[in-house]
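Novice: sequence-free structure coming up:
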DNA sequence: GCCGTTTTCGGCCCGACTGTTTTCAGTCG
């Protein structure tokens, strides 16, 4: 009897097989095929179970008879023969070795075979006693590097939040922009793509070759640097005190656009771009876009004219694809028509929605937060303190709500009299209770201009229960928007597992928005749901969830997430004028 | 293992850097 499958589960399974194959020394192209199939499943529109029931998996690009058959068997029996066979050859302990920088599948399997070890602790011992250094193809230096990497790995997290990465990146960019001969500097990689967490920080510099030595020197001499991992004339890597790796690449100014595209990635995006170039008998690399010579190699003497990333896309019959969308996640379909996707920008924001004050757990008064907003050029601010159930955060009792409204009225009156074009909306971040009800009776709720509903407890409840809870809240006539829908804290806590692919259409149907919480610890709604959101025209708002003045500036991270999710300004509530917004809120 | 209006076989993205190498494999992005 077949059981119901999840896309993520199947994708993870295929990826695992790919990894096992590499560790087992299998042909890499075979492994790549499983990786590609994993990505196809991951990005699949619709229900994978439909494809399995109808036996139509082979209609998908990257899935042929063999993998399709594997998955039909998996749906039927819960196991795949090829995986079972591989697991016999490759001990599961070796998986964690892949995280050791400098160690790849080949060396891992070689060491494992030669020394008969499977655990990282054993690997450490064998590095120390010289056994690793004595293996062919490895040496003293290799053993030392492995030990060093393991120590870093144990001490520091693999990834960091985007706000943490930004601070480090700014330091390097600052130092490099001042260096002699530097014509352009840009952050590339996942930071430029506005990913929610960052592994390595990539920086690209355009400069004439004569200056590169000096620029490299400045780079590795930055006070943030605690270790130089590699140093060449065009490429160097360092590690900072926070344990982050920073890579610098220096290119000739004429290669800058292609290099910027290359180092921005994502890997998946790059691969797709190069394949696209090849189908047009062109060759794309980090130096440019070239015609091919007789043996299908890039003919560096015959470049296509490229002055910007836009030119590269245009030569490949695509509209400009903003960095945030370059995830191999449907962006090519969007740009195929030649019209660049219209994405919300920071300057589109006209007001702030979702901020806390000293009335609950914020650090600043209403007046101070309002002033901070006017200083930043915003036209309105929706104050949304916590509701009464959030006692730990100073949630407002009904009486306090009424008092706060009075204060807001007083301040708004002052603005009106002074002719200040600014308005404070009476809002609330109401807890969504276990049964999906909101935290005040309807007669209180209807007095707010804006009601956000958020889950703050019971995140670990079963997915179906959580979905039901969120749906009940979304259907509430007085609720305008769901706050941080999964409740995740990046790199700290998983969010609830409610199926957002079901919640999003339901919310859209009930004219309820779902927030993009811009706090860099959250960035929730996850951008990966952007496609579903677009399908059903879901409304959102980019909300700082600010507890302080500086917290307001977190909206820039939320804009990154909104762009990544493909939101145009028209589907972001706080890009509206006050009048439009009030009309929408009814 | 997948894929094909130039191919049903022979390709599969591509270059920099490191370490262990006397010419290159492995890793990384």
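Specialist: Okay, I see it. These figures come from a predicted structure and were not determined experimentally.
Novice: outline the domain layout of chain A.
Specialist: For chain A, the structural domains run A:7-89, A:97-155, A:160-251, A:258-335, A:346-585, going by automatic domain parsing.
Novice: tell me the gap between the longest one and the middle of its chain.
Specialist: Offset of domain A:346-585 from its chain centre (CA atoms, centre = their mean, to the nearest Å): 21 Å.
Novice: and stretch A:189-202, by the same measure?
Specialist: Worked out by CA atoms, centre = their mean, stretch A:189-202 lies 8 Å from the chain centre.
Novice: report the rounded mean pLDDT for it.
Specialist: For stretch A:189-202, the mean per-residue pLDDT is 94.
Novice: for chain A, give me the ranges with low pLDDT.
Specialist: Along chain A, segments meeting pLDDT under 70 span A:1-3, A:295.
Novice: longest helix of it?
Specialist: helix A:398-418 (DSSP state H).
Novice: so which elements touch it?
Specialist: In this structure, helix A:398-418 makes packing contacts with helix A:366-375, strand A:380-386, strand A:423-431, judged by 3 or more CB pairs under 8 Å, 6 or more residues apart in numbering; DSSP states H and E. In this view, the C-beta of every residue, glycine as well, is placed from N, C-alpha and C.
Novice: can I get the ones you listed in CSV with mean neighbour count and distance to residue A:86?
Specialist: CSV is the format used below for the helices and strands packed on helix A:398-418 (neighbours: other CB atoms under 10 Å; distance: least, CB to CB, whole Å):
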stretch, mean neighbour count, distance to residue A:86
helix A:366-375, 18, 57
strand A:380-386, 27, 51
strand A:423-431, 25, 48
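Novice: pipe those into JSON lines and attach distance to residue A:180 per row.
Specialist: Below are the helices and strands packed on helix A:398-418 laid out as JSON lines (distance: least, CB to CB, whole Å):
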{"stretch": "helix A:366-375", "distance to residue A:180": "37"}
{"stretch": "strand A:380-386", "distance to residue A:180": "45"}
{"stretch": "strand A:423-431", "distance to residue A:180": "50"}
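Novice: export those to CSV and append columns for distance to DNA strand B.
Specialist: CSV is the format used below for the helices and strands packed on helix A:398-418 (distance: least, CB to the nearest atom of the strand, whole Å):
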stretch, distance to DNA strand B
helix A:366-375, 38
strand A:380-386, 40
strand A:423-431, 39
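Novice: closest point of the stretch 251-400 of chain A to DNA strand B, which residue?
Specialist: Nearest residue of the stretch 251-400 of chain A to DNA strand B (CB to the nearest atom of the strand) works out as residue A:274 at 3.8 Å.
Novice: ok, the stretch 201-350 of chain A next?
Specialist: In the stretch 201-350 of chain A, no residue comes nearer to DNA strand B than residue A:232, which is 2.3 Å away by CB to the nearest atom of the strand.
Novice: that residue: how many residues sit nearby?
Specialist: Burial measure for residue A:232: 11 neighbouring residues, criterion other CB atoms under 10 Å.
Novice: in the longest helix of chain A, what counts as buried?
Specialist: Buried residues in helix A:398-418, counted by 16 or more other CB atoms under 10 Å: A:401, A:404, A:407, A:408, A:411, A:412.
Novice: hey, where'd the helices end up in the stretch 151-300 of chain A?
Specialist: Per DSSP state H, counting those that start in this stretch, the stretch 151-300 of chain A carries helices over the ranges A:162-177, A:189-192, A:212-221, A:256-264, A:267-279.
Novice: whoops, the stretch 1-150 of chain A was the one
Specialist: A:7-23, A:28-42, A:48-53, A:65-77, A:81-89, A:105-115, A:120-128, A:140-155.
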